[in-house]
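[1] Need the 3D shape of this:
(chains A and B)
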2 protein chains.
Amino acid sequence: MIDYVKNPKEIEEKSFEIITEELGDKKFEESMGKIVKRVIHTTADFEYAELLEFHPNAIEAGKNALKEGCCIYSDTQMIIGGVNKKSLTKHGVQIFNLVHNEEVTKIALETGMTRSMIALEKAVADKNIRIFAIGNAPTALFTLKRLIEEGKAKPDLIIGVPVGFVGAAESKESIRDLDIPYIITRGRKGGSTVAAAIINAFLYMI
Amino acid sequence: MIDYVKNPKEIEEKSFEIITEELGDKKFEESMGKIVKRVIHTTADFEYAELLEFHPNAIEAGKNALKEGCCIYSDTQMIIGGVNKKSLTKHGVQIFNLVHNEEVTKIALETGMTRSMIALEKAVADKNIRIFAIGNAPTALFTLKRLIEEGKAKPDLIIGVPVGFVGAAESKESIRDLDIPYIITRGRKGGSTVAAAIINAFLYMI
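    Next up is the predicted model:
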């Protein structure tokens, strides 16, 4: 019988100690550090210490929106699955996604565009969304950029971390010039677990 | 206005071309290659070409169980969120998780053990599970190992890819000597998106 740590709190504390130790001299502002470490905790990938990029107002904007019980739109169900439900409820924060919406599926089939694009456009038309968490679809992030430029959306924060080989890096770079606070991962890496980790890090801070 | 690829099929095909090209001389048996590439597609992390380890019977065992419409237990909701629902339905495959079950939460609070352990034990008692997909909790994988050793579970395949710093690597190594087909990621890396990618790769092959 192998002896191993069974207490969840102990596992998490020990994990963050190891991460802090291995980050060594790399220092971050406190709140940023908590986000960076939680992303590394989720991926076991220290590259994220280099890849994460924060707009100067990202931390404050995210905290304020969440404290006020805002609405988050995520581009995948996986992000919703990964966010701490108790913390969401505690702060009155809602998170939703429309990729599996019937109308969205229908339009996507008719137009040959991704469901992520159609879903995001519908979400913006339906609700006041203060945080967007895009972890999968570059097309969703490009669509969000267009809607912001057209004055149809004005979020407090964009968590822009699509993963992938076609358009992901470009989509993330493209939101830098929007004058909207953002957190992005440079390059190809990112994903739903990264997006969920960033949201959870915020929820545990406020 | 930035020009970008909007067609989901085109995005996926182009992504797999890039992955195949960058893998270069690294060759895999056909089915294994499909799994490795889908994991890289999901993570944008080529390290997985080295980290994924396949038991000699893993591919055949997984394909047969899924073809027969088996039941999969996953240790997180995120894995369920990431698996292609249409493919599951098509093949009559079920996937479930009990981490949010009321009884599980109660016992976890009473014992101070992780909900993942309690949930897995309850799942094995309740159902005939032919594939386990463990993407998050080393404690779930250790528990599964014990139940197999006690003769309480005898799955066709273990997808053992917990991510993390405390127990993850050890939990994966520990299932090598069980004489049960497995797919693992060596070391710290892995996660729910990796587990979902492996299941999806299987579903697209059968």
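
[2] Strands of chain A, start to end?
    Applying DSSP state E to chain A gives strands spanning A:52-54, A:71-74, A:94-96, A:131-134, A:157-160, A:182-185.

[3] neighbouring strands for the fourth one, and are they parallel or not?
    Neighbouring strands of strand A:131-134 in its sheet, by DSSP bridges, are strand A:71-74 (parallel), strand A:157-160 (parallel).

[4] List the contacts of the closest residue in space to residue A:161 that isn't next to it in sequence.
    Excluding the flanking residues, the one nearest residue A:161 by C-beta to C-beta, 6 or more residues apart in numbering or on different chains is residue A:190, at 3.4 Å. Using the backbone N, CA and C atoms, a C-beta is placed for each residue, glycine as well. By C-beta atoms under 8 Å, 6 or more residues apart in numbering or on different chains, the contact list for residue A:190 reads A:135, A:161-163, A:168, A:172, B:44.

[5] The closest residue to residue A:56 other than its chain neighbours and residue A:80: what is the separation?
    Leaving aside its chain neighbours, residue A:56 sits nearest to residue A:181 (7.9 Å; criterion: C-beta to C-beta, 6+ apart). Distance check for residue A:181 against residue A:80: by C-beta to C-beta, to the nearest Å, it reads 22 Å.

[6] Give me the mean pLDDT for the longest helix anywhere in chain A.
    Scanning chain A for the helix with the most residues, using DSSP state H, yields helix A:8-23. For helix A:8-23, mean pLDDT is 93.

[7] which outside residues touch it?
    Here helix A:8-23 makes contact (C-beta under 8 Å, 6+ apart) with A:5, A:37, A:40-41, A:46, A:49, B:114-115, B:139, B:164-167.

[8] Identify, from those residues, the entry nearest to residue B:24.
    residue A:46 (24.6 Å; C-beta to C-beta).

[9] Wait, the closest one touches residue A:40, no?
    Yes - contact criterion C-beta atoms under 8 Å: residue A:46 and residue A:40 qualify, at 5.9 Å.

[10] residue ranges of the helices in chain A, please?
    For chain A, the helices defined by DSSP H occupy A:8-23, A:30-43, A:48-51, A:58-67, A:77-82, A:85-91, A:102-111, A:115-126, A:138-149, A:168-174, A:192-205.

[11] Please dump these into JSON lines; it should also carry mean neighbour count for every row.
    Formatted as JSON lines, those follow (neighbours: other C-beta atoms under 10 Å in any protein chain shown):
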{"stretch": "helix A:8-23", "mean neighbour count": "15"}
{"stretch": "helix A:30-43", "mean neighbour count": "21"}
{"stretch": "helix A:48-51", "mean neighbour count": "18"}
{"stretch": "helix A:58-67", "mean neighbour count": "20"}
{"stretch": "helix A:77-82", "mean neighbour count": "25"}
{"stretch": "helix A:85-91", "mean neighbour count": "13"}
{"stretch": "helix A:102-111", "mean neighbour count": "14"}
{"stretch": "helix A:115-126", "mean neighbour count": "22"}
{"stretch": "helix A:138-149", "mean neighbour count": "24"}
{"stretch": "helix A:168-174", "mean neighbour count": "21"}
{"stretch": "helix A:192-205", "mean neighbour count": "25"}
